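give the three-dimensional model of this entry:
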Amino acid sequence: MSTPIGPDTPAPERPRRWLTRGIAGVALSSLFSDTGHELTTSILPSFITVTLHSTASALGLIEGLSNGLMGLATLIAGPRADEPESRLRLASGGYLATAVATGAIGLAATVWQAGALRAAAWLGRGVRSPARDATLASLASQDAHGRAFGLERAGDNLGAVAGPLLAAGLVAWLGVRPALYLAAIPGVFAVFAITIAAREARARPTATPQRRRMRSQLHSIRAAGVAPLLLPISAFELGNMATTLLILRATGLLRADGYSVAAATTLAVLVYAAHNLLATIAAAAGGHWLDRRGSRAPFALGASLYVLSYLLFAVGGHGWLTLVPAFLLAGSGIGLAETAESAVVAGVLPDALRGSGFGLLGGIRSLGALTSSAVVGLLWTTVSPTAGFLYATGWMAVAALGSGALRRRLPGGTVSANGRA
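Residues are numbered from 1 along each chain as shown. Got it, this is the predicted structure:
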C-alpha cells in the first residue's frame, strides 16, 4: 500500500549531480592547456634542431631540466594550495604563465632562449597542478572522485590528441614560428575555464587551514597514512618513461621495416595520437569503475597493461601487429592509473591537506619520469632498447603486485574488501 502524499509531506531528496559547472571547468582547463603545450611539444624538436640549428642533446637537456623544475614547483606550491583562498590565484596564474611562455617560444632566436621559455612554461604547470587538483577534489563528493578525476584526465589526454593534429595542420599552413605563437590561444581559454571552477569552489563553505611550514604539512600527510599508498604509485612512476621514447622506438622499428624517416616519423606520431585517444576513453570509463569498486583494481589493471605494452616494445618485431597493440595498451594503462592515483590522494586526505598531497604526488610523477627516462635512455644507448624496456617492465610489475596497498580506510568511512568506502 503506497503512502499518501499530503501538503506537509516533504519531497524526496534528489541525488546530487556529480557533474557540475565547476568540475566541467576543471576538465576544460586541462583540455585547452594540454592542447596548447602538446602543440608546442610536437613542433619543438624541429624548431630546436632545424630552425635554431641545434642538436638532439640540447633538446633532451631542455626537456629534462624543464621536467625537473616542474616537479620542484609542484612540491613548493602544494602547501600554498591547501588554502582555499589561494587556489584561484595559483591555478589561474599558473595557466596564464604556461600559455604566455608557450606562445613566446616562437620568438626565440637562440636555443637558450627557447629553453628558458620552455622551463618557464613548465614552472607554470607545476604551480597550477596542486591548486587545480585540490579544487577539483573539493568540488566533487566523496563517492564521485573517480568520475571527476577521470573526466579531468580525459580532458588532458584529449588535448594530447588535438595538439599534435593541430600542429601538423598549422605548420603545413603557416610555418613553424606562427604555429608556436598560436599555441598560446588554447592556454588563455584554460585560464577562463579554471577561473569559473575556482570561483564555484570558493562559494562553498570550507574550513580555512592554519598556514604551516612544508615540513609540518608533510608530517601531517604521513600521519594520515598516505605513505604506504605512495609506494605502488612510486613504483609505477619509476617505470613510466617519457612517451617520446615510445615514439622513438616505433620510428626505429618502422624504419627497419622499410619506411623512410619522414614516413616512419609521421606514422609513429599518428599511432601516438591513437594512444592518447584511448587514454581519454580509459580515464573516463575508469573513473566510473573506480567510484564503484575503489582504486585498487583500476590501478592494478593499468600497471598490468603497461607490463604487456613494454614487453611488446622490448620484443620489437616489424609491422603494425606489434606497434599498434603496444601503444594502445600503454594508452589504456596511463588513463586508468593516473585517474586512480589522483582519486587516492583526494579520498584519503582532508581538504586542508589536499594541496600538499597533490604537490607530493606531482613531485613523485616528475621525479619518476625523469629517473625512468634517464635510466631507460642510458640502457638503450649502452646495451639495447630491449634492456631499457625490460627495466621499465620490472617497475610496472612491482606496481601491479603492490596495488593491494591501495585498500585503505578513508576519513569518516569504511572500506570493503575491494577498497571502496
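
which strand or helix spans the closest residue to Gly71 other than its chain neighbours?
Spatially, and ignoring its direct neighbours in sequence, Gly71 is nearest to Ser366 (2.6 Å; Cβ to Cβ, 6 or more residues apart in numbering). (Glycine included, C-beta is placed from N, CA and C.) Per DSSP states H and E, Ser366 falls inside helix 351-382.

what's the following helix or strand past that helix in contact with?
Helices and strands here follow DSSP H and E; after helix 351-382, the next one along the chain is helix 385-401. Taking contacts as Cβ atoms under 8 Å, 6 or more residues apart in numbering, the residues outside helix 385-401 that touch it are 232-233, 235-236, 238-241, 245, 249, 252, 299-300, 303-304, 306-307, 310-311, 313-316, 337, 372, 375-380.

put the buried members of the residues you listed into a ChimeraX selection.
The buried residues among the contacts of helix 385-401 can be selected in ChimeraX (16 or more other Cβ atoms under 10 Å) with this line:
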select :232,233,235,236,238,239,240,241,245,249,299,300,303,304,306,307,310,311,313,314,316,337,372,375,376,377,379,380
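
among the contacts of helix 385-401, which ones are in helices?
Per DSSP state H, helices hold the following members of these: 232-233, 235-236, 238-239, 245, 249, 252, 299-300, 303-304, 306-307, 310-311, 313-315, 337, 372, 375-380.

please, which helix or strand holds Ile281?
Going by DSSP H and E, Ile281 is part of helix 261-293.

that helix - contacts with which helices or strands?
Counting contacts by 3 or more Cβ pairs under 8 Å, 6 or more residues apart in numbering; DSSP states H and E, helix 261-293 packs against helix 145-173, helix 243-256, helix 296-315, helix 320-348.

now the last one: buried residues?
Under the neighbour-count criterion of 16+ other Cβ under 10 Å, helix 320-348 has 322-323, 326-348 buried.

what is it packed up against?
Using 3+ Cβ pairs under 8 Å, 6+ apart: helix 320-348 touches helix 111-139, helix 145-173, helix 227-239, helix 243-256, helix 261-293, helix 296-315, helix 351-382.

let me know the average pLDDT across it.
Average pLDDT, helix 320-348: 89.

roughly how far out does it sit from the chain middle?
For helix 320-348, the separation from the chain centroid amounts to 10 Å (computed by Cα atoms, centre = their mean, to the nearest Å).

swap in the first one?
When C-alpha coordinates are averaged (Cα atoms, centre = their mean), helix 145-173 and its chain have centres 11 Å apart.

likewise for the third one?
Centroid separation between helix 296-315 and its chain, computed with Cα atoms, centre = their mean, is 17 Å.

now, of the helices and strands packed on helix 320-348, which is deepest in the fold?
A comparison of the helices and strands packed on helix 320-348 by mean neighbour count, using mean count of other Cβ atoms under 10 Å, puts helix 111-139 on top with a mean of 25.

now the helix holding Ile281 against helix 296-315, angle please.
160 degrees (axes from the mean of the first three to the mean of the last three Cα atoms, to 10 degrees).

just want the angle from helix 261-293 to helix 145-173.
Using the same axes, to 10 degrees: helix 261-293 against helix 145-173 is 160 degrees.

avg pLDDT for helix 261-293?
Here the average pLDDT along helix 261-293 is 83.

how far off centre is it?
The mean C-alpha position of helix 261-293 is separated from the chain mean by 12 Å, Cα atoms, centre = their mean.

what's the angle from it to helix 243-256?
Using the same axes, to 10 degrees: helix 261-293 against helix 243-256 is 130 degrees.

going forward, count from 2.
Sure, I'll start counting at 2 from here, so that last one is helix 262-294.

where does His54 land in three-state SS?
Three-state call for His54 (DSSP: H, G, I helix; E, B strand; the rest coil): coil.

look up how far Thr111 lies from it.
In this view, His54 and Thr111 are 10 Å apart by Cβ to Cβ, to the nearest Å.

repeat for Leu391
Taking Cβ to Cβ, one finds Leu391 at 39 Å from Thr111.

quick one: which of these two has more around it?
Leu391 (18 against 10; other Cβ atoms under 10 Å).

from Val308, how far off is the more buried one?
11 Å.

need the residues touching each of those two.
By Cβ under 8 Å, 6+ apart, no residue touches both Leu391 and Val308.

where does pLDDT dip in the stretch 2-151 of the chain?
2-17, 57-58, 61 (pLDDT under 70).

OK, contacts around the nearest residue to Arg178 once chain neighbours are set aside?
Of all residues not flanking Arg178 in the chain, Gly107 sits nearest, at 4.5 Å (Cβ to Cβ, 6+ apart). Counting by Cβ under 8 Å, 6+ apart, Gly107 touches 177-182, 184.

again, 10 Å this time
Gly107 makes contact with 41, 44, 48, 52, 115, 118, 176-185 under the criterion Cβ atoms under 10 Å, 6 or more residues apart in numbering.

show me what contacts the nearest residue to Ala161 once chain neighbours are set aside?
Excluding the flanking residues, the one nearest Ala161 by Cβ to Cβ, 6+ apart is Asn277, at 4.0 Å. By Cβ under 10 Å, 6+ apart, the contact set of Asn277 is 35, 39, 157-165, 244, 328, 332, 335-336.
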